[in-house]
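Engineer: Here is my input, please return the structure:
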Amino acid sequence: MQYAQIVNEEWGFGSRASKGISALFSGDSGTGKTLAAEVIAHELGLPLYKIDLSAVVSKYIGETEKNLSAIFGEAQTGSAILFFDEADALFGKRSEVKDAHDRYANIEVAYLLQRIENYDGTVILASNFRHNLDDAFTRRLDFILEFPVPDAEYRRRIFEVHFPPTAPLSPEVDLAQIAAKYRLSGGNIRNVTLTAAYLAAADGRVITPSHIRSAVRRENQKMGRLPED
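Structural biologist: Residues are numbered from 1 along each chain as shown. Model (predicted):
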């Protein structure tokens, strides 16, 4: 995006290819896809439009396309970055046409493909389930970026960031050990540190390893995972 004017306008590539950029951010929930989109928008000095799929998709024929047209038109005016979270819900695989509903769903996907290709700005799709996306989309994307669950070293660093310097951490808390033991995403770690802080506030006013373990168990239960000791 920083060099688009040079490449497209000065060097003439704009007449040979789409001027916009499209990307897929793929990874588990809490791995930083939305945060990365916000960072990119901040670095470029552009507004970021987060699209609420529940407000866009309509059961009435033609309404979804109408809503999307309004979004792309507004974004074009402000050179905004469009961010579609949980994109697989909207950009899902096109199915075999068995009835009018299937035919209409496939028309929606084709319409979206066209709008993305004609958009001069940046479109970012985020998905927890990359394999659910329509193949026609993935072939046309400029970038596909995988957001993995952070390894032990990054988990330690994320724990350190989310515990403020003024947080009353017990000397017994070993963040490197905790990070090595529990496989958590950045979003999970944020929730764990806050939950541990509230547990400690109600119990001694010092955040101990026990509070952190309890917070991890709660987070795993919330995510439908087996509790960890």
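
Engineer: contacts, neighbours, all on C-alpha from now
Structural biologist: Noted.

Engineer: which stretches of the chain have low pLDDT?
Structural biologist: Low-confidence segments of the chain, defined by pLDDT under 70: 15-19, 53-55, 57-61, 89-109, 134, 136-137, 227-229.

Engineer: Could you name the residue of it that is farthest from its center?
Structural biologist: Distance from the C-alpha centroid of the chain, by C-alpha atoms, centre = their mean, peaks at Gly204 (37.1 Å).

Engineer: Where does that residue sit: helix, strand or coil?
Structural biologist: Taken by DSSP: H, G, I helix; E, B strand; the rest coil, the conformation at Gly204 corresponds to coil.

Engineer: What separation do you get for it and Ser210?
Structural biologist: Per C-alpha to C-alpha, to the nearest Å, Gly204 is found 12 Å from Ser210.

Engineer: Can you tell me the closest non-neighbouring residue to the residue nearest the centre of the chain?
Structural biologist: The central residue of the chain, meaning the one whose C-alpha is nearest the mean C-alpha position (C-alpha atoms, centre = their mean), is Lys33 at 3.2 Å. The shortest distance from Lys33 to any residue other than its chain neighbours is 6.0 Å, reached at Phe25 (C-alpha to C-alpha, 6 or more residues apart in numbering).

Engineer: again, but for Glu86
Structural biologist: In space, Glu86 comes closest to Ser127 once its chain neighbours are excluded; the distance is 4.7 Å by C-alpha to C-alpha, 6+ apart.

Engineer: my guess is the one you found contacts Gly32, does it?
Structural biologist: No - in this structure Ser127 lies outside contact range of Gly32 using C-alpha atoms under 8 Å: 11.5 Å.

Engineer: May I have stretch 150-159 as PDB, with CA atoms only?
Structural biologist: Listed next in PDB are the C-alpha coordinates belonging to stretch 150-159 (Å, rounded to 0.1, in the frame of the first residue of the first chain):
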ATOM      1  CA  PRO A 150       2.300 -18.400  20.100                       C
ATOM      2  CA  ASP A 151       5.100 -20.600  21.300                       C
ATOM      3  CA  ALA A 152       6.300 -20.700  24.900                       C
ATOM      4  CA  GLU A 153       8.700 -17.700  24.500                       C
ATOM      5  CA  TYR A 154       6.000 -15.500  23.000                       C
ATOM      6  CA  ARG A 155       3.500 -16.600  25.500                       C
ATOM      7  CA  ARG A 156       5.800 -15.500  28.300                       C
ATOM      8  CA  ARG A 157       6.200 -12.100  26.600                       C
ATOM      9  CA  ILE A 158       2.500 -11.700  26.200                       C
ATOM     10  CA  PHE A 159       1.900 -12.600  29.900                       C
END
